[in-house]
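Chemist: next input, structure requested:
(2 chains)
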Amino acid sequence: MKSASKFSWMTPVTTGLIGGVVALFLSLVGIVEASLGRYVITGILSMGQVFLLAVYAIFAVQAAQKATPEHGEKAPVYRTLACAAIAGLMISIVLALLVVVGEQIDLRGVFIHATPVLYDLLTFGLGVPQGIFVLLGFGLLMGILFGVLVLLPKALRKSIGVGLIAVPVLSVTYSALFAGRGLQLPVAIAVFVISAVAIFLWDRFEKPIRTRSQALPSGQQRTMRLGVWVLAGLFVLALPLLGSYPSEVLVITGIFVLMGLGLNIVVGYAGLLDLGYVAFFAIGAYVMAIFTSPEITWFPIHTSFWVALPFAVLTAMLAGAILGIPVLNMRGDYLAIVTLGFGEIIRLVALSDWLKPLIGGSNGITQIPKPTTFGLAFDNPQKLYYIVVIGCVIAAFIATRLKYSRLGRNWMAIREDEDVAQAMGIDLVRNKLLAFATGAALSGLAGAIFASKLTSIYPHSFNLLVSINVLAVIIVGGLGSIPGVIIGAVALVGLPELLREFAEYRLLVYGAVLVFMMLRRPEGLLPEARRKLELHEMSPDVAE
Amino acid sequence: MALLEANDIHTFYGAIHALKGITVTVDKGEIVTLIGANGAGKTTILNTISGILHPRQGTITLDGEPIHELPAHSIVTRGVSQSPEGRRVFGRLSVAENLEMGAFTRKDKEGIKRDLEHVYELFPRLKERRKQLAGTLSGGEQQMLAMGRALMASPRLLLLDEPSMGLAPILVDLIFDTIKEINAEGVTVLLVEQNALMALSIAHRAYVLETGSIVLSGTGQELLDDPEVMKAYLGMD
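Modeler: The predicted structure follows:
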């Protein structure tokens, strides 16, 4: 027991070395260099530098925390600081080695991003050898600074941490949305101070406010809750004011929210792992296209978005039920593989020469009109956004009602144990088909909106990656949780959309975030109460 | 009159002939136990009765009505409920929710409430822990929950599959006492057990299974006194 909790000076060294390798990786892969042009604070701090600073921050804090071994006595102040400083120094040493080696040998044959620009950045423009010393000193300083941060009282530490994160996040969002060049220094400072103070006050006063509001009579509580909802609603409705590009991003995010809500019913509620979910999205889109595009001459009906919409949803729903029949007896991995196959079949059929005369094969279907209502055309993303929002609200309402209904309980029981559920009197066939059909209907709705948003659809839009993305959205958000789907879609669809210019590195970051999430927060960002309990065993009671 | 009559049942797992002509009767108010080694087909019999499996040949009747072709969920509505092997509670549902699931097919709110109280009387531990997630219960508590859940269907016939599996001896005693109590209240019990000594001591009648066939049957006491049974299942010479 004692030996397990003993402190070793090797720990900060290894932690620092790992950090160094991460920093090295970021530098050589080119993320640092590519994002040099993008300022977080205009003219002062670039995105690339922020990435490297983040490495210093994360690993120095790690090392400082490890100065106090698990179950051990609290480390003395000097040791915490020393550990952080060692980690910072180690990171700098690794980077310095890169510069020294890079000066001697041209590394660009292997690492195309090992450019003089990178070396310049790492040596603060001072070159070898002065720059090396500055770099090492800088590492030491960063280590100590973040060591001090760890030593601060918890409330203060949290405020500063949140402030430090808020600046780059806000800056990147702002720059992406308005083609800005980062925040001006005074603005950045203001952002830091405001977010730090806000989080400090929130932590300080959240509990008292909550207890006091719970003490209010239920009528007033209801009014308050209503007020919060109205404010949230107004906020959501006001979002398109941000402009055309942000609305575009919001529409795409909304389409994923819709699909996520649907898949959440199939996977999150009923526990049926469906990897072919994109099929119903495709079916919804194609039905919408066939009903509305003037290109389709063989189809007798030509109608508007609103008339076609229920047909798209119903067709997708029917397809969901039909897919459900052959897979009724399959579980887990087998179900996943078969549904995956189904998704691919739909895409390949759409792509095939066989149906080419009908739905255009690889040329897809174009000239799908945008929705219009009473002469008002939803012809730009700002207006389309409202259609998506209405769809999402309806879907969220259905999903919430279903969750707490008898049907929802059936699904939950099936998810937990199919055999026992059946032995309790639950009709597996009916309930499973209903889950597939409901999920498919929402996906079809998303597909129909997607088709009229793009005005043209092609089979390659409906590949496996869409299914995987939707699955990632609901897992990251928190399986089974409705607010989780929204957060998940914003985090995995909206934010990456904003980082378009880092196209090459987007998937890298995406992957890293997913791995990190699964290790650190497997229940998702906004989990269902019961799943959180299961994974964290805080208090064994169901919080309701 | 027999409550349950299984007549010459043949059940298969794919090509594997698991039950080779089983005939079992359970009279109203009895505790009947099936004992036998691993793989003898005890659980298969219960699953065939409850409709999770279907016999390829033979008939099962409940109060004279054939049930062997019905799906599992409609057999429940006829008053047969099962506490499955290995307990299999709904781990992510609370204890109370698990019990509510047991009453899934019932519509009589009053009756459900009464039975819930009754289950809590039988197992006070469940009442203490009614808000806790079932997956966090101990093995014994999960067994109580599985039995309570089966009782919530207000069954005429209760199928218990290895209720003593993996439990401490003191809990085994408690579980068997409760089975007797439930039976005394008028519920017919068909009990599958590996703990043959305990099972035979509370059973009115018993069947001994070997590789899918019944090799011996009699009252609990008769089998306890049978030297063959003693040797094969009770480990006594």
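Chemist: from here on, just use CA atoms for contacts and neighbour counts.
Modeler: OK.
Chemist: contacts only, for the residue in chain A positioned nearest to chain B.
Modeler: Here chain A gets closest to chain B at one residue, A:G425, 3.6 Å apart by Cα to the nearest Cα. Taking Cα atoms under 8 Å, 6 or more residues apart in numbering or on different chains as the contact definition, A:G425 lies against B:72-77, B:104-105.
Chemist: and chain A, what are its domains?
Modeler: According to automatic domain parsing, chain A comprises the domains A:3-151, A:246-463.
Chemist: tell me the most buried of these?
Modeler: Stretch with highest mean neighbour count among those: domain A:246-463 (a mean of 21; mean count of other Cα atoms under 10 Å in any protein chain shown).
Chemist: quick one: end-to-end length of it, please.
Modeler: 25 Å (Cα to Cα, to the nearest Å).
Chemist: now do the helices in chain B.
Modeler: Applying DSSP state H to chain B gives helices spanning B:42-50, B:72-77, B:95-102, B:109-122, B:124-128, B:139-151, B:169-184, B:196-202, B:220-225, B:227-233.
Chemist: alongside chain A, which residues does chain B contribute?
Modeler: B:50-52, B:72-77, B:81-82, B:84, B:88, B:90-94, B:101-105, B:131-133, B:136, B:150, B:153 (Cα under 8 Å from any Cα of the partner chain).
Chemist: with adjacent residues omitted, what lies nearest to residue 115?
Modeler: The chain I'm using is chain A. Excluding the flanking residues, the one nearest A:T115 by Cα to Cα, 6 or more residues apart in numbering or on different chains is A:R108, at 6.9 Å.
Chemist: chain B is the one I meant
Modeler: Residue nearest to B:D115 in three dimensions, not counting chain neighbours: B:M152, with 6.2 Å by Cα to Cα, 6+ apart.
Chemist: A:G511: neighbour count?
Modeler: Close neighbours of A:G511, defined as other Cα atoms under 10 Å in any protein chain shown, add up to 12.
Chemist: low-confidence ranges in chain B?
Modeler: Within chain B, the ranges that satisfy pLDDT under 70 run B:1, B:234-237.
Chemist: okay, now the residue in it that chain A sits nearest to: neighbour count?
Modeler: Proximity of chain B to chain A (Cα to the nearest Cα) peaks at B:H73, 3.6 Å away. Residues within reach of B:H73, counting by other Cα under 10 Å, total 23.
Chemist: next, the contact list for it, please.
Modeler: A:422-427, B:51.
Chemist: inside helices: which ones of the residues you listed?
Modeler: If you go by DSSP H, the contacts of B:H73 have A:422-423 in helices.
Chemist: Serialize the contacts of B:H73 to CSV and add fields for distance to A:V349.
Modeler: What follows is those, written out as CSV (distance: Cα to Cα, whole Å):
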residue, distance to A:V349
A:Q422, 36
A:A423, 40
A:M424, 41
A:G425, 39
A:I426, 36
A:D427, 33
B:G51, 40
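Chemist: the residue nearest to A:S452 when sequence neighbours are not counted: what secondary structure?
Modeler: Nearest residue to A:S452, sequence neighbours excluded (Cα to Cα, 6+ apart): A:K370, at 5.1 Å. Here A:K370 is recorded as coil under DSSP: H, G, I helix; E, B strand; the rest coil.
Chemist: chain center to stretch B:136-150: distance?
Modeler: The chain centre lies 14 Å from the centre of stretch B:136-150; the measure is Cα atoms, centre = their mean, to the nearest Å.
Chemist: show me the contact partners of it.
Modeler: Outside stretch B:136-150, the residues that touch it by Cα under 8 Å, 6+ apart are A:424, A:540, B:81-84, B:87-89, B:91, B:95, B:98-103, B:119, B:123, B:125-126, B:134-135, B:158, B:160, B:163, B:166-168, B:171, B:175.
Chemist: secondary structure element holding A:R225?
Modeler: Using DSSP states H and E, A:R225 sits within helix A:218-238.
Chemist: quick one: mean pLDDT over the helix or strand following that helix.
Modeler: Where DSSP H and E defines the elements, the next helix or strand beyond helix A:218-238 is helix A:244-263. For helix A:244-263, mean pLDDT rounds to 92.
Chemist: convert the C-alpha atoms of the next helix or strand along the chain from helix A:244-263 to PDB, please.
Modeler: Next in sequence after helix A:244-263, counting helices and strands by DSSP H and E, comes helix A:278-292. Extracted C-alpha coordinates of helix A:278-292, given in PDB (Å, rounded to 0.1, in the frame of the first residue of the first chain):
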ATOM      1  CA  VAL A 278     -28.300   6.900 -43.400                       C
ATOM      2  CA  ALA A 279     -30.500   4.700 -45.500                       C
ATOM      3  CA  PHE A 280     -33.700   6.400 -44.200                       C
ATOM      4  CA  PHE A 281     -32.100   9.800 -44.500                       C
ATOM      5  CA  ALA A 282     -31.500   8.900 -48.200                       C
ATOM      6  CA  ILE A 283     -35.000   7.600 -48.700                       C
ATOM      7  CA  GLY A 284     -36.500  10.800 -47.200                       C
ATOM      8  CA  ALA A 285     -34.300  12.900 -49.500                       C
ATOM      9  CA  TYR A 286     -35.000  10.900 -52.600                       C
ATOM     10  CA  VAL A 287     -38.800  10.800 -52.000                       C
ATOM     11  CA  MET A 288     -38.700  14.600 -51.600                       C
ATOM     12  CA  ALA A 289     -36.700  14.900 -54.800                       C
ATOM     13  CA  ILE A 290     -39.000  12.600 -56.800                       C
ATOM     14  CA  PHE A 291     -42.100  14.400 -55.700                       C
ATOM     15  CA  THR A 292     -40.900  17.900 -56.300                       C
END
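Chemist: report the angle between the axes of helix A:278-292 and helix A:244-263?
Modeler: Put simply, helix A:278-292 runs at 120 degrees to helix A:244-263, going by axes from the mean of the first three to the mean of the last three Cα atoms, to 10 degrees.
Chemist: what's the helix or strand for A:R506?
Modeler: Short version, using DSSP H and E: A:R506 is in helix A:503-520.
Chemist: for A:A114, what are its contacts?
Modeler: By Cα under 8 Å, 6+ apart, the contact list for A:A114 reads A:27-28, A:30, A:102, A:107-108.
Chemist: need the max-distance pair from those.
Modeler: A:G30 and A:G102 (14.9 Å; Cα to Cα).
Chemist: can you pull the contacts of B:A206?
Modeler: B:A206 neighbours (Cα under 8 Å, 6+ apart): B:32-35, B:200, B:217-220, B:223.
Chemist: what about the most centrally placed residue in chain B, distance to A:S352?
Modeler: Compute the mean C-alpha point of chain B, and by Cα atoms, centre = their mean the closest residue is B:L160, 1.6 Å away. Distance, B:L160 to A:S352, using Cα to Cα: 55 Å.
Chemist: now swap in B:S81 and tell me
Modeler: From B:S81 across to A:S352, the span is 52 Å (Cα to Cα).
Chemist: count of residues packed around B:E65?
Modeler: B:E65: 12 surrounding residues under other Cα under 10 Å.
Chemist: and if you look at the one 10 residues further on?
Modeler: Residues lying near B:I75 (other Cα under 10 Å) number 23.
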